[in-house]
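J.: Turn this into a model:
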Amino acid sequence: MSKLDASAAIRRAAARLATTNVSSAVVLLVAIVLLVIGSVLAPGFGTPKNLLMVIGLTSFAGIVVLGQGAVMITGGIDLSVPWTFTF
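T.: Okay, the predicted model is just below:
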């Protein structure tokens, strides 16, 4: 690989990383804005007790998503998880 090819590859990787960071920052910003709007419209929404309850309720979905992602990455597609998760 020549120096020109390596520098082009580095520029492409940097551009891809910048795009990923920007999209992650946008998602985080939208989540914060929604939290602020919810706190203003519903007085008990932004309380630590409610936030812990929301995290507790969504943690099961997060665990299922991590497991399903691991199954798909290893090549074993398991389509029964979404159906089972709905019950």
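
J.: So in the protein, which helix runs the longest?
T.: When the chain is scanned for its longest helix (criterion: DSSP state H), the result is helix 3-41.

J.: what's the following helix or strand after that helix?
T.: Next helix or strand after helix 3-41 toward the C-terminus (DSSP states H and E): helix 48-73.

J.: so that following helix versus helix 3-41, what angle?
T.: Per axes from the mean of the first three to the mean of the last three Cα atoms, to 10 degrees, the angle that helix 48-73 makes with helix 3-41 is 150 degrees.

J.: list the helices and strands helix 48-73 packs on?
T.: Under the contact criterion of 3 or more Cβ pairs under 8 Å, 6 or more residues apart in numbering; DSSP states H and E, helix 48-73 touches helix 80-85. In short, each C-beta sits where N, CA and C put it, glycine included.

J.: which stretches of this structure have low pLDDT?
T.: Low-confidence segments of the chain, defined by pLDDT under 70: 1-6, 17-22, 78, 81-87.

J.: Could you break it into its assigned domains?
T.: 1-43, 47-87 (automatic domain parsing).

J.: Reformat the ones you listed as a markdown table; add mean neighbour count.
T.: Formatted as a markdown table, the domains of the chain follow (neighbours: other Cβ atoms under 10 Å):
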| stretch | mean neighbour count |
| --- | --- |
| domain 1-43 | 10 |
| domain 47-87 | 10 |
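
J.: In contact with residue 77, which residues?
T.: By Cβ atoms under 8 Å, 6 or more residues apart in numbering, the contact set of residue 77 is residue 71.

J.: element containing it?
T.: Short version: residue 77 belongs to no helix or strand, going by DSSP H and E.

J.: how much space between it and residue 61?
T.: 19 Å (Cβ to Cβ, to the nearest Å).

J.: ditto for residue 35
T.: Relative to residue 61, and taking Cβ to Cβ, residue 35 is found at 18 Å.

J.: Could you do residue 47 as well?
T.: 22 Å.

J.: Also residue 43?
T.: Separation of residue 43 from residue 61 (Cβ to Cβ): 27 Å.

J.: cool, residue 42 as well?
T.: Computed as Cβ to Cβ, the residue 42 to residue 61 distance reads 22 Å.
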